[in-house]
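S.K.: need a structure here:
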Amino acid sequence: MTPPDLCDEMKKMNLIFFRITLILYTAGSLLFLLSFSFPFGRLLPWGAKVFSLGFLTHSATFLIRWWEGRQAPCASLHESFSFFAWGLMGVFLLLRKRQKVDVLGAFVGILALLMLLGACLTPKEIVPLPPVLQSLWLPIHVILAFSGDGAFALAFCAGVMYLIQEHMLKNKRFGPLSRRLPSLEVLDEINYRCLTIGFPLLSVGIITGAIWARYAWGSYWSWDPKETWSFITWLIYAALLHQRLTIGWRGRKAAIMAIVGFGAVIFTFLGVNFLLGGLHSYTS
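M.R.: I've put the predicted structure just below:
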């Protein structure tokens, strides 16, 4: 098989695995959503299994694309959308082995599908990186950063569910949804656990990004818009963790701050690219 033919085959395989991932994430999300209506314990394990299969096929798309482009598949907005969904699903599947977070499955699936939809709507061509940016630090930095964002997305989901459950309990609306959702204490614990995972990942992600910037651009920090907003995001989560550990913030305040923090994550990921530009912008 000639190189052009091989390249075409790789593109076809990548597209096939990407579509399979979409189908599996959709099926898993439906199973988790249906678990709110049907007996809770029956569908959750199946939803988790389908997500696991989807995560494997999702990982395969990155490996195929890496081989096709001979560079880490995180240089374009398409790849970054996909990487965000991959990091979110990976953190969820890892965390559920140690903590009962299955109830977040429906929210996780919807967020992952939104990210993959964004990937579908953006150009899929492989963007060649300039030689100065072709470094092992790139995949290390990106994997750490998006894994941290995935953990923060889970904290966001737990925060939203906390506010929903709190609202129903205060208004004494003890319906099927209220009975399916975990207690406020469990949701608060999930929120905290996700923060303790996401914050170190974000911190190391920023550090590795600074090291990479030193080799690529000659300085560790240039206050580029994305660097600035990454630092703002870091400060928000640092303040939240500090308040939880020293003052004992729990419950509603912590849930709201987790939602605000994730808003900063999304702005750093998308808003900076389209509104502020800079060295990290995919549109520049």
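S.K.: What does the pLDDT read for the residue nearest to Leu181 when sequence neighbours are not counted?
M.R.: Leaving aside its chain neighbours, Leu181 sits nearest to Gln165 (4.7 Å; criterion: C-beta to C-beta, 6 or more residues apart in numbering). Where C-beta positions appear, they are placed from N, C-alpha and C, glycine not excepted. pLDDT, Gln165: 86.
S.K.: and the gap between Gln165 and Ser222?
M.R.: 44 Å (C-beta to C-beta, to the nearest Å).
S.K.: Same drill for those two, tell me which one is more crowded.
M.R.: Using other C-beta atoms under 10 Å as the criterion, Gln165 and Ser222 rank with Gln165 on top: 20 against 13.
S.K.: Give me the helices and strands touching the helix or strand encompassing that one, please.
M.R.: Per DSSP states H and E, Gln165 falls inside helix 137-170. In terms of contacts (3 or more C-beta pairs under 8 Å, 6 or more residues apart in numbering; DSSP states H and E), helix 137-170 is packed against helix 77-95, helix 105-120, helix 176-180, helix 184-217, helix 251-266.
S.K.: which one of these lies closest to Gly150?
M.R.: helix 77-95 (3.7 Å; C-beta to C-beta).
S.K.: report the angle between the axes of that closest one and helix 105-120?
M.R.: 160 degrees (axes from the mean of the first three to the mean of the last three C-alpha atoms, to 10 degrees).
S.K.: buried residues in helix 77-95?
M.R.: Using 16 or more other C-beta atoms under 10 Å as the test for burial, helix 77-95 gives 77-93, 95.
S.K.: The residue lying closest to Met115 once chain neighbours are set aside: what's it in contact with?
M.R.: Among residues not flanking Met115 along the chain, Ala85 sits closest, at 3.7 Å (C-beta to C-beta, 6+ apart). Going by C-beta atoms under 8 Å, 6 or more residues apart in numbering, Ala85 touches Tyr25, His58, Leu111, Ala112, Leu113, Met115, Leu116, Ala119.
S.K.: before we move on, what about Ser183?
M.R.: Contacts of Ser183 (C-beta under 8 Å, 6+ apart): Gln165.
S.K.: measure it to Met161 for me?
M.R.: 11 Å.
S.K.: now Gly261
M.R.: Taking C-beta to C-beta, one finds Gly261 at 16 Å from Met161.
S.K.: looking at the chain, which helix or strand is least sure?
M.R.: Taking mean pLDDT, DSSP states H and E as the measure, the chain has helix 176-180 as its least confident helix or strand, at a mean of 68.
S.K.: Buried residues, the helix holding Gln165. List them.
M.R.: So, applying 16+ other C-beta under 10 Å, buried residues of helix 137-170: 137-163, 165, 168.
S.K.: where in the stretch 1-150 of the chain is pLDDT low?
M.R.: For the stretch 1-150 of the chain, the stretches flagged by pLDDT under 70 are 1-7, 37-41, 132.
S.K.: could you redo the last one with a cut-off of 80?
M.R.: By pLDDT under 80, the low-scoring segments of the stretch 1-150 of the chain are 1-11, 35-45, 69-75, 98-103, 126-136.
S.K.: quick one: buried residues of the one helix or strand Arg19 maps to?
M.R.: Assigned by DSSP H and E, Arg19 belongs to helix 3-34. Counting neighbours by 16+ other C-beta under 10 Å, one finds that the buried residues in helix 3-34 are 11, 13-14, 17-18, 20-22, 24-29, 31-33.
S.K.: The helices and strands packed on helix 137-170 into TSV, with extra columns for distance to Ser230?
M.R.: As requested, the helices and strands packed on helix 137-170 are exported to TSV (distance: least, C-beta to C-beta, whole Å):
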stretch	distance to Ser230
helix 77-95	14
helix 105-120	19
helix 176-180	36
helix 184-217	6
helix 251-266	9
